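In: sequence unavailable; structure follows:
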């Protein structure tokens, strides 16, 4: 799941793969703003065939947070 999410960040948001780690913060380290986060949620929903609850998005601080969340749904 980690590699799939990294590929999504690289392909869709043009984030440098070398900057992405499990500990990287979406906003502070990767520069993802609120609009890009909303896009990222929709991309994840489409790519992984899931629905992400709006309340759960507040817990997405790091790449690891998102990966763990995605893994919990599969």
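Out: Received the coordinates, thanks. Keep in mind that this is a model prediction, so the values were computed, not measured.
In: max-length helix in the chain?
Out: Scanning the chain for the longest helix, with DSSP state H as the assignment, gives helix 34-48.
In: and it, how far out from the chain's middle?
Out: Distance of helix 34-48 from its chain centroid, counting by Cα atoms, centre = their mean, to the nearest Å, is 7 Å.
In: residues making contact with that helix?
Out: Where contact means Cβ atoms under 8 Å, 6 or more residues apart in numbering, the residues beyond helix 34-48 that reach it are 4-5, 8-9, 12-13, 26-27, 32, 50-52, 57, 60, 66, 70, 73-74. Where you see a C-beta, it was placed from the backbone N, CA and C, and this is true even at glycine.
In: for the nearest residue to residue 20 once chain neighbours are set aside, helix, strand, or coil?
Out: Leaving out its chain neighbours, the residue that sits closest to residue 20 by Cβ to Cβ, 6 or more residues apart in numbering is residue 6, at 5.1 Å. Secondary structure, DSSP: H, G, I helix; E, B strand; the rest coil: residue 6 is helix.
In: follow-up on the earlier one: and the longest helix of the chain, what's buried?
Out: Within helix 34-48, the residues that qualify as buried by neighbour count (16 or more other Cβ atoms under 10 Å) are 36-37, 40-41, 43-44, 48.
In: okay, the residues you listed in CSV with distance to residue 19 next?
Out: Conversion of the buried residues of helix 34-48 to CSV gives the following (distance: Cβ to Cβ, whole Å):
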residue, distance to residue 19
36, 14
37, 16
40, 15
41, 20
43, 18
44, 19
48, 22
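In: which ones are touching the residue nearest in space to the middle of the chain?
Out: Centroid check for the chain by Cα atoms, centre = their mean gives residue 66 as the closest residue, at 5.1 Å. By Cβ under 8 Å, 6+ apart, the residues touching residue 66 are 5, 26, 44, 60.
In: of those residues, closest to residue 17?
Out: Proximity of these to residue 17, judged by Cβ to Cβ, is greatest for residue 5, which lies at 11.6 Å.
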